[in-house]
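Q: Here you go, sequence then predicted model.
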Amino acid sequence: AKESGRGCYRRFEPEMERRLRVRQSLEADLRGALGRGEFELHYQPIVSLTTPPEVCFEALLRWRRPGRDLVPPGSFISVLEETGLIAPVGAWALRTACADAAGWPASVRVAVNVSPAQFRSGTLVAEVEAALAESRLPAARLDLEITEAAILTDDAAILATLHRLRASGIRVALDDFGTGYSSLSYLRHFPLDKLKIDRSFVVGLDSSHASASIVRAIVTLARSLGLVSIAEGVETPEQLHHLRRLGCDEIQGHLFAAPRPNEEVPAMLRRIHEY
Ligand code: C2E
Ligand code: CA
Ligand code: CA
Ligand code: CA
């Protein structure tokens, strides 16, 4: 038993060491990435199912890591959060998104993702005010997307942050709705404007009766609470058809456009209005 134990240890050590090294080099590279200007925001349209459509672009973080393909946030957001780097990167994303949006037509909004740590930091309201003042973007053109983890505990500070943001005209969307663990009671406690239905429910719309029921329930819930419903990850005309029939308000996904750099926003707007 002792022998096989050592055998196991010998076999797994190199793999564990390799993973540790990958993680350490990721962290080391991330620490300097903001200063070296390696982060970018790409923009993906969110389109209302009204005529004419209203358009918002969600800002999505990308990392131009030297010597690699453009890195999507799935592989590094958690490292930013664990290291506290999410604070400066999040503040940079807010300023950059507001500055970019200030150059778009006045009817077009921008949505910025806010991590739970950033939301709970106590400095978010000041950061948002600075980003709006610097860019001269009206607050009414800014949405913030937060997740359940940001509002899990119902303390007075969270409620005050939401009230202050919304009083200035900013709208707040609850992201990844339906994937969390908590009860729905926070929907009563917290002032919100939008619910984003997670892509995992949209994917099943064509084939799964259960997914369609869940989406219908979320759309109905949103409507009865006076919230706008948004479906993310819409890829097919069939999914669009289902969502329209279920009364979903807004659509986001590769069907309209994948996230693209700011330079391509005008072309995306033209295509949406021709759609
Ligand atoms: P999310 O907020 O749920 O964003 C939607 C994700 O779905 C994006 O992934 C987007 O590219 C992807 N997506 C959109 N439409 C489709 C589609 O039709 N099909 C498929 N397969 N995927 C689609 P992305 O850009 O990789 O971002 C992943 C997550 O990283 C985001 O999920 C968000 O939680 C986080 N994130 C991105 N940017 C930021 C940021 O600036 N700050 C913070 N705190 N988090 C961010
Ligand atoms: Ca750059
Ligand atoms: Ca989002
Ligand atoms: Ca999602």
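A: In hand now; what should we look at? Ligands and ions are numbered 1, 2, ... in the order given.
Q: Okay, residue 160 and residue 124: tell me how far apart.
A: Noted for residue 160: a distance of 11 Å to residue 124, by Cβ to Cβ, to the nearest Å. No exception for glycine: its C-beta is placed from N, CA and C like everyone else's.
Q: likewise residue 152?
A: 16 Å.
Q: higher neighbour count, those two?
A: residue 124 (21 against 15; other Cβ atoms under 10 Å).
Q: Same question for the one residue in the stretch 151-275 of the chain that gets nearest to ligand 3, what's its three-state structure.
A: Going by Cβ to the ion, ligand 3 is nearest to residue 175 of the stretch 151-275 of the chain, at 4.3 Å. Residue 175 falls in the strand class when you classify it by DSSP: H, G, I helix; E, B strand; the rest coil.
Q: The residue nearest to it when sequence neighbours are not counted: helix or strand, and which one exactly?
A: Computed as Cβ to Cβ, 6 or more residues apart in numbering, the closest residue to residue 175 that is not its neighbour in sequence is residue 145, at 4.4 Å. Per DSSP states H and E, residue 145 falls inside strand 142-146.
Q: can you check residue 216 too?
A: Residue 216 belongs to helix 209-224, assigned by DSSP H and E.
Q: tell me how far that helix is from the chain's mean position?
A: How far helix 209-224 lies from its chain's middle: 21 Å, per Cα atoms, centre = their mean, to the nearest Å.
Q: For that helix, give me every contacting residue.
A: 177-178, 184, 187, 194-195, 197, 201-205, 228-229, 231, 242-243, 246-249 (Cβ atoms under 8 Å, 6 or more residues apart in numbering).
Q: Return the members of the residues you listed classed as buried.
A: Neighbour-count burial (16 or more other Cβ atoms under 10 Å) is assigned, among these, to 177-178, 187, 194-195, 197, 201-205, 228-229, 231, 242-243, 246, 248-249.
Q: Nice, that's everything, thank you.
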